[in-house]
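Asker: quick one: sequence and predicted model below, then my questions.
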Amino acid sequence: EPEVTQTPSHQVTQMGQEVILRCVPISNHLYFYWYRQILGQKVEFLVSFYNNEISEKSEIFDDQFSVERPDGSNFTLKIRSTKLEDSAMYFCASSEIGTAKNIQYFGAGTRLSVL
Amino acid sequence: QKEVEQNSGPLSVPEGAIASLNCTYSDRGSQSFFWYRQYSGKSPELIMSIYSNGDKEDGRFTAQLNKASQYVSLLIRDSQPSDSATYLCAVNTGTASKLTFGTGTRLQVTL
């Protein structure tokens, strides 16, 4: 069964460093998303991406964050100058079509620990 | 601020019983509603989607939607210990747009 793949599963970094989280969406999906979940809190939307551009972003997704689809398969989230409060699980999701009924499938997540 | 509200629980039910999980949402323009299951330390896994008022059944799971009351629920029949997880209600308000999640209800199925 096709699945969303995320790497690495766990990333440890020092405060102020840059990290890149990687995702391979399901191959025929066109819409991509990043969410994060701070330990013990709700899953929060960060950004959605379609046709090589951001279609929507939340107030969390400030200039510290950027997304890119560098090739035909990868979708990345870059966090510049990480802060302690960036420690969270980051989930990539993808969906096939862009209607209200679109179902988003989640990857296993990357646990980011900022020390 | 578009909100999705859930009782955080834990909701404890004995094995074989029916578990009833509830969710309310604030945005009347919401179009699609989803229930995800999340085991501790894992990612959300889709259980059910529902788009129209009424009930939708899939195996032991039934989703119920009442748009007038802005209420969506999930019933789990014949609950099993493996159903013990956090159940997340998620709402989509437009095309290809974000999912807004509730905080989740932790379900414990006891032997």
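Answerer: Cool, the structure landed.

Asker: for chain A, which helix or strand comes out least confident on mean pLDDT?
Answerer: strand A:53-57 (a mean of 91; mean pLDDT, DSSP states H and E).

Asker: sheet partners, orientation included, of whichever helix or strand comes after it?
Answerer: Note on strand A:53-57: by DSSP states H and E, the next helix or strand toward the C-terminus is strand A:65-68. Using DSSP bridges, strand A:65-68 pairs in its sheet with strand A:75-79 (antiparallel).

Asker: show me the contacts for residue 56.
Answerer: Looking at chain A here, since you left the chain open. A:45, A:47-48, B:97-98 (C-beta atoms under 8 Å, 6 or more residues apart in numbering or on different chains). C-beta here means a position set from N, CA and C on the backbone, and glycine is covered the same way.

Asker: chain B was what I was after
Answerer: B:48, B:50, B:62-65 are the contacts of B:Lys56 under C-beta under 8 Å, 6+ apart.

Asker: what is the neighbour count of B:Met48?
Answerer: If you count neighbours by other C-beta atoms under 10 Å in any protein chain shown, B:Met48 ends up with 21.

Asker: quick revisit: now the least confident helix or strand of chain A, how far from the centre of its chain.
Answerer: Distance of strand A:53-57 from the chain centroid (C-alpha atoms, centre = their mean, to the nearest Å) equals 12 Å.

Asker: equivalent analysis for stretch A:55-66, please.
Answerer: The answer for stretch A:55-66 is 11 Å, by C-alpha atoms, centre = their mean.
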